[in-house]
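Peer 1: Structure here, sequence nowhere to be found:
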């Protein structure tokens, strides 16, 4: 009787393992049909280009001095190679605008909550600055590649 119970337990475990394997290791089913993703997002992914800017390093200054240092790596999603060339040519002006805006916002704690950067707020501001500097139809999106905070 004991042997039958052990064999039944082993078979149940093997069956459970096989069930889990076939259920969880199958192909992923996309929620958006093929070809619909580009239309849903508003841009054609085949022509997109990305321009990665040099890292931005910003101090956060409070009453007692520099409290932390924020580093960001930003990439800009643009429509085509011509827009990418424009972004690369105007990168110094764009970085200057980013630094001026973010330095003030981060130091006044408008984009910080509990000492943590609110990346959604920062991304909105970077998008608005990019449109102001480069024009309406150049940048599709601002992508934050790395955001790092270090206390001093």
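Peer 2: Great, that's in hand. Not measured: the values here are computed from a predicted model.

Peer 1: what stretches of this protein score poorly on pLDDT?
Peer 2: 22, 24-46, 107, 109-111 (pLDDT under 70).

Peer 1: domains of it?
Peer 2: Domains of the chain are assigned by automatic domain parsing as 2-39, 46-151.

Peer 1: would JSON lines of these with mean neighbour count be doable?
Peer 2: Every residue, glycine included, has its C-beta placed from N, CA and C. Output for the domains of the chain, formatted as JSON lines (neighbours: other Cβ atoms under 10 Å):
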{"stretch": "domain 2-39", "mean neighbour count": "9"}
{"stretch": "domain 46-151", "mean neighbour count": "15"}
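
Peer 1: Is the closest residue to residue 69 other than its chain neighbours within a helix or a strand, and which one?
Peer 2: Nearest in space to residue 69, with sequence neighbours left out and distances taken as Cβ to Cβ, 6 or more residues apart in numbering, is residue 150 at 5.0 Å. Element membership of residue 150, judged by DSSP states H and E, is strand 139-151.

Peer 1: quick one: contacts of that strand?
Peer 2: 43, 48, 50, 52, 55, 67-79, 83, 87, 115-117, 119, 122-123, 126-127, 130-131 (Cβ atoms under 8 Å, 6 or more residues apart in numbering).
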